[in-house]
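Student: fold the following and give me the result.
(one chain, ligands or ions: 1)
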Amino acid sequence: MLRKIDQLIDELDAWLRFHKKMGLEALPASPGVKSFISSTDNSLINAKDAFTKPPGSLEALQKAALECTRCRLHETRHNVVFGEGPANARLMLVGEAPGKEEDLTGRPFVGASGQLLTKMLNAIEIDRQEVFITSILKCRPPGNRAPKADEIRACMPILMTQIELIRPKLILALGNVAAHNLLNTKEGLKKLRGKFHSLNGIKLLVTYHPAYILRFAGQRQKALKIEAWNDLQLLQREYKKLEV
Ligand code: SF4
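Tutor: All right, here's what the predicted structure looks like:
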């Protein structure tokens, strides 16, 4: 798909300004930069190639993100939900986007799906405080609508820089939006679940988003929980190996 040069210039300009704001004075001609400049498809930031020299600290990144106006969602948000957890977390969880309660509190996964997420982690003996939790978008789409492609493109550099700075050993992608954008694929969750993928050497596992599980009731919800449990056991096994 061809992209208009004017649009590319605007996006490149915004991307470079964003990094400058975070204190970066030079960019290596990394595959990420080349990928950005030569991108002709929807994934302007190819997650696999977007690693560039980290611009300072996680705090500096957070400060810049809290002032971000790179997409229309800044007009309707109450808070930027940057994410939370240790700066050296071994496990990173990536969801889709903040919901109503996350938008109001500025914290990730605090609503009903957050409670389920905490239970899921507890079930595999992982304390929520040990992990860094964030999402593809840092601002809430109005009415919890699905994220738009240009919003994801605008926001991905923040997530990719978080990953670069935190350098987790494991990533758990929650739901389609996280999985598709981190792995740069359109494959369904059925095919993506149940095995580890690699994101620049970091092991990445895909499972259902807790909000998706909660959308159903009865047997269907139970079946999804069992499938998620199978994924989480895979995660637990890898996580435990990190302690050795
Ligand atoms: S969603 Fe991301 S890119 Fe858009 S305004 Fe919020 S922080 Fe910036």
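Student: I'd like the distance between Leu165 and the ligand.
Tutor: 16 Å (Cβ to the nearest ligand atom, to the nearest Å). Quick note: C-beta positions are derived from backbone N, CA and C, even for glycine.
Student: contacting residues around that residue?
Tutor: By Cβ atoms under 8 Å, 6 or more residues apart in numbering, Leu165 lies in contact with 54, 57-58, 61, 87.
Student: now swap in Ala97 and tell me
Tutor: 135-137, 139-141, 144, 147, 177.
Student: can you redo those residues as CSV with distance to the ligand?
Tutor: Converted to CSV, the contacts of Ala97 look like this (distance: Cβ to the nearest ligand atom, whole Å):
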residue, distance to the ligand
Ser135, 9
Ile136, 9
Leu137, 5
Cys139, 3
Arg140, 8
Pro141, 8
Asn144, 14
Pro147, 8
Val177, 13
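Student: what subset of the residues you listed is buried?
Tutor: 135-137, 139-141, 147, 177 (16 or more other Cβ atoms under 10 Å).
Student: restricted to strands, list those residues.
Tutor: Under the assignment DSSP state E, the buried ones among the contacts of Ala97 contribute Ser135 to strands.
Student: can I get the buried ones among the contacts of Ala97 in CSV including pLDDT?
Tutor: Converted to CSV, these look like this (pLDDT from 0 to 100):
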residue, pLDDT
Ser135, 98
Ile136, 98
Leu137, 98
Cys139, 98
Arg140, 98
Pro141, 98
Pro147, 98
Val177, 98
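Student: between the buried ones among the contacts of Ala97, which sits nearest Arg70?
Tutor: Cys139 (9.7 Å; Cβ to Cβ).
Student: pretty sure the closest one sits against Glu75.
Tutor: No - in terms of Cβ atoms under 8 Å, Cys139 does not count as a neighbour of Glu75; the distance is 9.2 Å.
Student: before we move on, the earlier item: who wins for neighbours among the contacts of Leu165?
Tutor: Leu61 (22 neighbours; other Cβ atoms under 10 Å).
Student: that one touches Ile158, doesn't it?
Tutor: Yes - Leu61 is within contact range of Ile158, at 6.9 Å (criterion: Cβ under 8 Å).
Student: what parts of this structure come near the ligand?
Tutor: Proximity of the chain to the ligand, by Cβ under 6 Å from any ligand atom, involves residues 65, 68-71, 73-74, 80, 137-139, 151, 154-155, 158.
Student: can you check the pLDDT for Ser35?
Tutor: Reading off the confidence values, Ser35 has pLDDT 42.
Student: among the residues of the chain next to the ligand, which lie within helices?
Tutor: 65, 151, 154-155, 158 (DSSP state H).
Student: what comes up buried for whichever helix or strand Lys222 is part of?
Tutor: According to DSSP states H and E, Lys222 maps onto helix 218-243. Residues 224-225, 227-228, 231-232, 234-235, 239 are the ones in helix 218-243 that count as buried (16+ other Cβ under 10 Å).
Student: could you do stretch 164-179 as well?
Tutor: Quick answer for stretch 164-179 (16+ other Cβ under 10 Å): 164-166, 168, 170-179.
Student: quick check, nearest of the residues you listed to the ligand?
Tutor: Distance to the ligand, by Cβ to the nearest ligand atom, is smallest for Val177 among the buried residues of stretch 164-179, at 12.6 Å.
Student: pretty sure Val206 sits in a strand.
Tutor: Yes - under DSSP: H, G, I helix; E, B strand; the rest coil, Val206 sits within a strand.
Student: might one say that it is in contact with Arg193?
Tutor: Yes - under the criterion of Cβ under 8 Å, Val206 makes contact with Arg193 at 5.2 Å.
Student: which neighbours do the two share?
Tutor: Asp231.
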